[in-house]
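>>> Give me a 3D structure for the following:
(one chain, ligands or ions: 3)
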Amino acid sequence: MYLEKIQKANDIKNLTEEELFELADEIRDFLIEKISKTGGHLASNLGVVELTMAMHLNFQLPEDKMIWDVGHQSYTHKLLTGRREGFDDLRKYGGMSGFPKRKESDCDAFDTGHSSTSISAGLGYVRARDILEENYHVLSVIGDGSLTGGMAYEALNNAATLKTNFIIVLNDNNMSISENVGGMSHYLDGLRTAEAYTDLKNAVEMAIGSFPVGGEKLVRHIKRTKSSIKQLFVPGMFFEDMGIKYLGPVDGHNIKALNRAFKEAKRVKGPVLLHVLTKKGKGYFPAEENPARFHGTGPFDVATGEPLSSGGKDTYTDVFSKVMTDLGRRDEKLVAITAAMEDGTGLAEFHKRYPKRFFDVGIAEGHAVTFAAGLAAAGMHPVFAVYSSFLQRGYDQMIHDVCLQKLPVTFAVDRAGLVGSDGETHQGLFDLSYLSEIPNMTVMSPKNKWELADMVRFAVELGAPAAVRYPRGTAYDGFKEYRKPIEYGKSEAVFEEEDIVLFSVGHMFETAVKVREVLKETGYSCSLVNARFVKPIDEAMIELAAKEHRLLVTIEENVCSGGYGETVLEFVHRKRLDVRVLPVALPDDYIEHGSVDVLRREVMLDADSIATRIITEYISQ
Ligand SMILES: Cc1ncc(C[n+]2csc(CCOP(=O)(O)OP(=O)(O)O)c2C)c(N)n1
Ligand SMILES: CC(=O)[C@@H](O)[C@H](O)COP(=O)(O)O
Ligand SMILES: [Mg+2]
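Ligands and ions are numbered 1, 2, ... in the order given. So this is what the prediction gives:
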């Protein structure tokens, strides 16, 4: 077991060439075995075993800086930097993160999680290094999928004028989560087959070079020209023309070839892009066959690749998927947009049935928002399905391109609230705040699976900007009989008593039902209102509630700052209503990885904690 010889960073440099081959296999076996138990990002990590090893062989940690775009493929890097024991608690509360974390290791140069940030961060390191006259290498590792994110081009454009070394490793496995999309992906297809170019290049160069007069000179001229024939001699023109030297493509599973490539890359005085070809899921047949299924996986049976927990009840995403398919059939103008998250957002079925009205724009959420605005301006009914934390990338576009013009774009904000294992970068903590403050935006959140369906339909038919936010995971199927038609800006009174009134937001309704039970068992009279609309708030309902109760409690899975509770508090204060308001929300902070149930208890958003807070508040009045 050579993996046992790797106790800390740089230990890999003590292994012989033969031992390195063994180590690659051991790492794969280790990752498959561990992730089959904990779940996590498997396919991407299996694809970069040799690449990561070669990086660790050719650079010195922590002095040299490695930045992993998205960071979901950093498990081997963690293994090689002394964190082997962490894999038993991977992504568990208090355990090792599934992404690079500076607080976890000085070998993690930059925290990542959202796509396309690595080149910008790497360039920041490079500029600092040069100003401080320090001497270390900086490597940004970015996948072909992440290279569809616009921020990467902003960074490449800015890096091009650099005169000092900056290594950008393009890990090209021809996959995003699902198939990669767009012009850059197509361009990379061309480069991937560059071996064909290489042979042709050599043949053409030989032929021209052998011209009796001026042959060599002509070859040199062609290499300098901007003509398309230059592609025969210089692949990667897109990067070269930008001023970024292009090396490759290199076999990303051949450590010797990678060693040679890194040695060459180190010598470049300026930005250099090393194009590495890898196979997503390499070394585990089920993941090689279906890399999308094994991009992010729950625990699975190693022998068969089958998930250990078979899918149970519908998730909110499943419900959304069904509604979209139904709407797509009935509304020829309905178009669906995803930013490289077709499966995660439940749009695969819509894509299959209405391919002409489905758009995967790549990892480009900002573009997706304005693209949707353009579609709406032209008379279509666009629905952009996007994770709460990824929609943060399209904030200005929602203001500037959708809401200012009051264009009928629907935002299906999935993974809103706590998502759990992905941790700080992926928790959907802010969407109620960042959406509610945008003029002309309507914000809704459903109490259960049926209301989600009703709200999506209502939003699409509203003919104005609207967002429906719902969480990751199983859809609550209680209170099916409470299905009053959605009325704009109106909340839904479910239980009407006195003393205390709970206003729950979205999926916190399920928790609020339990809170109410605890309060009633403790002798309190308690009403329950399903807020339904976070913006606009139902002022009439709040004024009525203020007359009948002494304490009004809002419950939402969103940060407190700018959330529903604060909006209600401001309204009650402004109207001088005679009721005390207790906003129950998430703390204004980041929340690390762990199971959602554990996290809710940690932040006191579980039913018992909320009930205790309410009783304390009520007694203290
Ligand atoms: C802003 C943002 N949008 C979407 C995602 C979800 N996401 C995580 S990895 C991934 C695909 C990345 O593809 P690639 O860069 O090629 O890496 P690979 O998994 O192929 O190694 C996506 C879309 C994200 N992390 N950040
Ligand atoms: C790494 C990344 O950003 C995605 O793979 C994300 O982890 C998917 O999240 P879900 O598992 O909630 O679809
Ligand atoms: Mg990829």
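
>>> for ligand 1, what are the nearby residues on the stretch 201-350 of the chain?
280, 295, 339, 340, 341 (C-beta under 6 Å from any ligand atom). Quick note: C-beta positions are derived from backbone N, CA and C, even for glycine.

>>> so the fourth one sits in a strand?
Read it as residue 340. No - using DSSP: H, G, I helix; E, B strand; the rest coil, the assignment for residue 340 is coil, not a strand.

>>> coming back round to it: would you turn the residues of the stretch 201-350 of the chain next to ligand 1 into JSON lines with distance to ligand 2 and pLDDT?
Formatted as JSON lines, these follow (distance: C-beta to the nearest ligand atom, whole Å; pLDDT from 0 to 100):
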{"residue": "280", "distance to ligand 2": "12", "pLDDT": "98"}
{"residue": "295", "distance to ligand 2": "6", "pLDDT": "97"}
{"residue": "339", "distance to ligand 2": "11", "pLDDT": "98"}
{"residue": "340", "distance to ligand 2": "9", "pLDDT": "98"}
{"residue": "341", "distance to ligand 2": "7", "pLDDT": "98"}
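
>>> which residues does residue 448 contact?
Residue 448 makes contact with 475, 476, 477, 478, 479, 480, 507, 509, 510 under the criterion C-beta atoms under 8 Å, 6 or more residues apart in numbering.

>>> Quick check, pLDDT for the third one.
Put plainly, it is residue 477. Looking at residue 477, its pLDDT is 97.

>>> Return the residues in contact with it.
313, 314, 448, 449.

>>> quick revisit: could you identify the pair within the residues of the stretch 201-350 of the chain next to ligand 1 that is furthest apart?
280 and 339 (19.1 Å; C-beta to C-beta).

>>> just the strands in the stretch 101-250 of the chain please.
For the stretch 101-250 of the chain, strands defined by DSSP state E, counting those that start in this stretch occupy the ranges 138-143, 166-172, 245-251.

>>> How far away from the center of its chain is the lengthiest strand in the chain?
Using DSSP state E, we find that the single longest strand of the chain is strand 549-559. Taking C-alpha atoms, centre = their mean, to the nearest Å, one finds strand 549-559 lying 29 Å from the centre of the chain it belongs to.

>>> Kindly report the same for stretch 77-90.
With C-alpha atoms, centre = their mean, you get 22 Å for stretch 77-90.

>>> And it, what's buried?
In terms of neighbour count (16 or more other C-beta atoms under 10 Å), stretch 77-90 has its buried residues at 77, 78, 79, 80, 81, 82, 83, 84, 86, 87, 90.

>>> between these, which is nearest residue 71?
residue 77 (9.1 Å).

>>> pLDDT weak spots in the stretch 201-350 of the chain?
Within the stretch 201-350 of the chain, the segments meeting pLDDT under 70 span 201-204, 222-234.

>>> Residue of it closest to ligand 3, please.
residue 280 (6.1 Å; C-beta to the ion).

>>> Count the residues that sit near that residue.
28 (other C-beta atoms under 10 Å).

>>> ok, now which ones touch it?
Contacts of residue 280 (C-beta under 8 Å, 6+ apart): 43, 44, 46, 47, 173, 174, 175, 287, 288, 291, 295.

>>> Can you add distance to residue 184 and give the residues of the stretch 201-350 of the chain next to ligand 1 back as TSV?
Listed next are these as TSV, based on distance: C-beta to C-beta, whole Å:
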residue	distance to residue 184
280	17
295	19
339	15
340	12
341	18
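
>>> Minimum distance to ligand 2, which residue of the stretch 301-450 of the chain gives it?
residue 344 (3.8 Å; C-beta to the nearest ligand atom).

>>> doesn't residue 386 make contact with that residue?
No - using C-beta atoms under 8 Å, residue 344 makes no contact with residue 386, being 9.5 Å away.

>>> Now list whatever residues contact both of the two.
Common neighbours of residue 344 and residue 386 (C-beta under 8 Å, 6+ apart) are residue 414.

>>> Write down the beta-bridge partners of residue 66, one by one.
residue 139 (DSSP bridges).

>>> What count of nearby residues applies to it?
If you count neighbours by other C-beta under 10 Å, residue 66 ends up with 27.

>>> which residues touch it?
Counted by C-beta under 8 Å, 6+ apart, residue 66 has contacts 55, 59, 77, 107, 109, 139, 141.

>>> of all these, which two lie farthest apart?
Checking these with C-beta to C-beta, the most distant pair is 107 and 141, at 13.5 Å.

>>> neighbour count winner among the two?
Between residue 107 and residue 141, counting by other C-beta under 10 Å, residue 141 is the more crowded of the two (29 against 24).

>>> what's the spacing between that one and residue 383?
Residue 141 sits 34 Å away from residue 383, going by C-beta to C-beta, to the nearest Å.

>>> Just give the nearest non-adjacent residue to the most centrally placed residue in the chain, would you?
Residue closest to the mean C-alpha point of the chain, counted by C-alpha atoms, centre = their mean, is residue 114 at 5.0 Å. Closest residue in space to residue 114, ignoring its immediate chain neighbours: residue 425 at 5.6 Å, by C-beta to C-beta, 6 or more residues apart in numbering.

>>> Output the below-cut-off pLDDT ranges for the protein.
For the chain, the stretches flagged by pLDDT under 70 are 194-204, 222-234.

>>> Now the element after whichever strand or helix holds residue 26, going C-ward?
Assigned by DSSP states H and E, residue 26 belongs to helix 17-38. Toward the C-terminus, helix 17-38 is succeeded by helix 43-47 as the next helix or strand (DSSP H and E).

>>> Would you point out which residue of the protein is nearest ligand 3?
Ranked by C-beta to the ion, the top residue of the chain for proximity to ligand 3 is residue 143, at 3.9 Å.

>>> tell me the contacts of that residue?
44, 69, 70, 73, 170, 171, 172, 173, 176.

>>> wait, the fourth one sits on residue 49?
Spelled out, it's residue 73. No - applying C-beta under 8 Å as the test, residue 73 and residue 49 come out as separate, 9.9 Å apart.
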